[in-house]
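Participant: With the sequence up front, the predicted model follows.
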Amino acid sequence: MGNDRGRGTEPHQSGEDLLGPEEIARRMGVAKVTIWRWCREGRLPCIKAGKGWRVRRSALEDFLISRERPVTLTGQLRSFVTVPDNVMAVAQRPELLHRLDAAFLRVGEAHGGKLVKFHGEDPENLEGLRDAYESSGLEARRLETGGRLDFRIEPAPPSDRAEGLRRYLDEEAAAETGRTVWATFDWAESLGPREAISHQESVAELVNERQIVVATSVLEEVMNEWSPDLRRRSQLLHSGVVWLSDTGLSLSRVTPPPPD
């Protein structure tokens, strides 16, 4: 159980760096059975030691950080997004979609990443996008001038977006910046949902191959036009889903099926 961090390997740290469920339960003020359940479910990374479980101190610290409830959208995304990651960002209105985009890129900035926004060709829309990001707290023009943020025209046709992203990653590798790329796309509305999902699968493969972070943004009204099956497939295709509306924020993770 647990994740790859502790599965099937002996810890290289001393026993003093491993905590038992009793101590963790006492520190967190919860029942010991709760700690056992988190270990069984894989929510708390752990190591099987004989008939019991042990948790690395660093894994517990990461787990506690992930359970914090930051008060800002950027803070909440920072606790949610991982490296690598492939998330779908759904918003009720275009203004909220820009907020999500800006918050995602701010998280990438905090991680020291190289940021890239793929967009349409209209120069006026690009300037409006910069303004929207600035009003949402992302210093887009400063980051762009400093070489930390790139605006790239969406590949044509949009079905080539995985290849366009691959070319961008190759450019970054050649430049030897050493920064993890954080890329954001808008959902390819010009494609049919099934075709768009097919090409999103190619992006998902690239995320795992290159260890990058990608967010694909879509308006709620667009997703509502899809069949329930396509909506479910689109969400399962991504490792996480962020949903922002005027009434609240929803964050959810897609995890592999548990073992028997």
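Facilitator: The structure has been received and is ready for your questions. No experiment lies behind these values; they were computed from the predicted model shown.
Participant: What's the local residue count around the closest residue to residue 57 other than its chain neighbours?
Facilitator: If you skip the residues right next to it in sequence, residue 57 has residue 17 as its closest partner in space, 5.2 Å away by Cβ to Cβ, 6 or more residues apart in numbering. Every residue, glycine included, has its C-beta placed from N, CA and C. Using other Cβ atoms under 10 Å, residue 17 has 14 other residues around it.
Participant: Go ahead and confirm residue 17 touches residue 54.
Facilitator: No. Taking Cβ atoms under 8 Å as the contact criterion, residue 17 and residue 54 are not neighbours in contact, 9.4 Å apart.
Participant: how much space between the residue positioned nearest the centre of the chain and residue 89?
Facilitator: For the chain, the residue nearest the mean C-alpha position is residue 81 (3.7 Å; Cα atoms, centre = their mean). With distances defined as Cβ to Cβ, to the nearest Å, the gap from residue 81 to residue 89 amounts to 10 Å.
Participant: what mean pLDDT would you report for stretch 224-241?
Facilitator: Averaged across stretch 224-241, pLDDT comes to 90.
Participant: Contacts made by that stretch with the rest, please.
Facilitator: Stretch 224-241 is contacted by residues 80-82, 85-88, 90, 193-194, 197, 200-201, 204, 216, 223, 250-254 when judged by Cβ atoms under 8 Å, 6 or more residues apart in numbering.
Participant: same question, stretch 28-38
Facilitator: Applying Cβ under 8 Å, 6+ apart, the external contacts of stretch 28-38 come out as 21, 22, 24, 25, 44, 53, 63, 64.
Participant: Would you convert those into a markdown table that also reports secondary structure?
Facilitator: Putting the contacts of stretch 28-38 into a markdown table (DSSP: H, G, I helix; E, B strand; the rest coil) gives the following:
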| residue | secondary structure |
| --- | --- |
| 21 | helix |
| 22 | helix |
| 24 | helix |
| 25 | helix |
| 44 | coil |
| 53 | strand |
| 63 | helix |
| 64 | helix |
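Participant: Any quick PyMOL command for the buried ones out of these?
Facilitator: Buried members of these, identified by 16 or more other Cβ atoms under 10 Å, are gathered into one PyMOL selection as follows:
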select buried, resi 21+24+25+44+53+63
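Participant: CSV for the contacts of stretch 28-38, including distance to residue 33 and pLDDT?
Facilitator: What follows is the contacts of stretch 28-38, written out as CSV (distance: Cβ to Cβ, whole Å; pLDDT from 0 to 100):
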residue, distance to residue 33, pLDDT
21, 9, 87
22, 11, 89
24, 12, 89
25, 8, 88
44, 13, 86
53, 12, 82
63, 17, 79
64, 19, 77
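Participant: just curious, which of the contacts of stretch 28-38 is nearest to residue 211?
Facilitator: residue 63 (21.9 Å; Cβ to Cβ).
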